[in-house]
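>>> Sequence first, predicted coordinates after that:
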Amino acid sequence: MIDVNLAEKLFGKKILLIDNENKEWVGILDCITSDADNEEDDTPGEYSVTVEVGKRYYEFFDHEVKSIQAAE
């Protein structure tokens, strides 16, 4: 679950994201996309975050995220 307020505070900073498979991702929080912007046709959208890990970007949707926190 994405805590949007926390994600906004961590935007542009190094974070630790744990996905729903308990995999840890450490990188820069690069983008926050609203549920409205992720809508498609009649399918409701959900928030997503994009994390820059090395030279790659990974997008995680709300249902894929267990937690987000500042990385040390």
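Okay, I see it.
>>> and for the strand or helix carrying residue 49, what are the contacting residues?
Assigned by DSSP states H and E, residue 49 belongs to strand 48-53. When contacts are defined by Cβ atoms under 8 Å, 6 or more residues apart in numbering, strand 48-53 is touched by residues 2, 7, 15, 17, 25-33, 38, 57-62, 65, 68. Just so you know, the C-beta spots here come from the backbone N, C-alpha and C atoms, and that holds for glycine as well.
>>> For that strand, the averaged confidence score.
Averaging pLDDT along strand 48-53 yields 98.
>>> Relative to it, what are the paired strands and their orientations?
strand 24-33 (antiparallel), strand 56-61 (antiparallel) (DSSP bridges).
>>> Contacts for the first one, please.
When you say that, I think you mean strand 24-33. 4, 7-8, 10-19, 47-54, 57-60, 68, 71.
>>> From these, list just the buried residues.
Among the contacts of strand 24-33, the ones that count as buried by 16 or more other Cβ atoms under 10 Å are 7, 10, 15-17, 47-49, 51, 60, 68, 71.
>>> Between which two of those residues is the distance greatest?
The most widely separated members of the buried ones among the contacts of strand 24-33, counting by Cβ to Cβ, are 47 and 71 (20.1 Å).
>>> distance between the strand holding residue 49 and the chain's centre?
Its chain's C-alpha centre and that of strand 48-53 lie 5 Å apart, by Cα atoms, centre = their mean, to the nearest Å.
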